[in-house]
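> Pasting a predicted model and its sequence here:
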Amino acid sequence: MQLLNLEQGSAEWYEARKNVMFTASEFDNIITAKTGKKSASINKLTNKKLAELLLNKSLGFAGNAATERGNELEPDAIDCYAIAKDTEVLNGGFVIADDGFYGASPDGFVGKDGLLEVKSVFDESHVANMLNEEAYLDYYPQLQGQLLCTGRKWVDWMSYHPELPPVIIRVERDEKFIIKLRWYLRAAKKLLETKKQKLKTMGYL
């Protein structure tokens, strides 16, 4: 893997992401969280990637109140986790897998084996996460994708609210799921290349 020690959300971070075909936050469009089957959204995702190529700009998520809250609270959430676990959290930056066509941005590296992924959510969502021991499953493709990219053994998924107790759930590396994810990533890459070639043949590229 290649670790780029960049501040998430910086211009350099966005530039690095632009040069990678797929990122872990998009992996739920590659593989379904609950069944581990190929997602029906692969076609839509590859079209988005081609649009980015044609427009020469990122069409990433523009953000909303939830993402703004997450960006604002993330440093406090990481501090909260470090205190709760009595550990140091290093910058997650941007990680590019060895083959170069996918990558991930974990919120932090923990020790020699772990990662941290924080979700700073609103009141009712955090309470729902407190009540649901499997709340992390909605993010399973992203979490396992981060483990795939980094080679780490586990990731602590954290639901954070500044006025309520944090929810921290350790998610272990799932090799069976990762094998499927790797397979579907290759399929998505092949589909993207096929579409790109068609656009070239038609004179659009």
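That came in fine, so what should we check first?
> And Arg152, how close does it get to Thr35?
24 Å (CB to CB, to the nearest Å). Heads up, the C-betas are built off the backbone N, CA and C, glycines and all.
> what's Glu172 sitting at in phi/psi?
Note on Glu172: backbone dihedrals following degrees, to the nearest 10 are phi -80, psi 160.
> ok, it touching Trp154?
Yes. Assessed by CB atoms under 8 Å, Glu172 is found in contact with Trp154 at 5.1 Å.
> between those two, which one's more packed in?
Legend: neighbour count by other CB atoms under 10 Å for Glu172 and Trp154, higher for Trp154 (16 against 11).
> OK, contacts around that one?
Counting by CB atoms under 8 Å, 6 or more residues apart in numbering, Trp154 makes contact with 113-115, 147, 170-173.
> now swap in Asp107 and tell me
Applying CB under 8 Å, 6+ apart, we find Asp107 in contact with 8, 74, 78, 89, 92, 115-118.
> Could you pull up the residues touching the closest residue to Leu4 other than its chain neighbours?
Take Leu4 and drop its neighbours on the chain: the residue closest to it by CB to CB, 6 or more residues apart in numbering is Phe94, 4.6 Å away. Listed by CB under 8 Å, 6+ apart, the contact partners of Phe94 are 3-4, 6, 8, 13, 16-17, 103-105.
> Check the residues you listed and tell me the two furthest apart.
The largest separation in the contacts of Phe94, counting by CB to CB, is between Leu3 and Arg17 at 14.0 Å.
> Who has more neighbours out of those two?
Arg17 (20 against 16).
> Who has more neighbours out of Arg152 and Thr35?
The neighbour count for Arg152 versus Thr35, taken as other CB under 10 Å, is higher for Arg152 (20 against 9).
> Please, which helix or strand holds the closest residue to the more buried one other than its chain neighbours?
Nearest residue to Arg152 in three dimensions, chain neighbours excluded: Leu115, at 5.2 Å (CB to CB, 6+ apart). For Leu115, the host element (DSSP states H and E) is strand 114-120.
> and the next helix or strand after that strand, what does it pack onto?
As assigned by DSSP H and E, the chain's next helix or strand after strand 114-120 is helix 123-131. If contacts are counted by 3 or more CB pairs under 8 Å, 6 or more residues apart in numbering; DSSP states H and E, helix 123-131 sits against strand 154-160, strand 167-172.
> which one of those strands is the most hemmed in?
strand 154-160 (a mean of 23; mean count of other CB atoms under 10 Å).
> I'd like to know the average pLDDT value across it.
Averaged across strand 154-160, pLDDT comes to 98.
> Let me have it in CSV, keeping just the CA atoms, if that works.
What follows is strand 154-160, C-alpha atoms only, in CSV (Å, rounded to 0.1, in the frame of the first residue of the first chain):
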residue,chain,number,x,y,z
TRP,A,154,-9.6,-4.6,12.6
VAL,A,155,-11.4,-1.3,12.5
ASP,A,156,-13.2,0.3,15.4
TRP,A,157,-16.4,1.8,14.1
MET,A,158,-17.5,4.7,16.4
SER,A,159,-20.7,6.6,16.6
TYR,A,160,-20.0,9.9,18.3
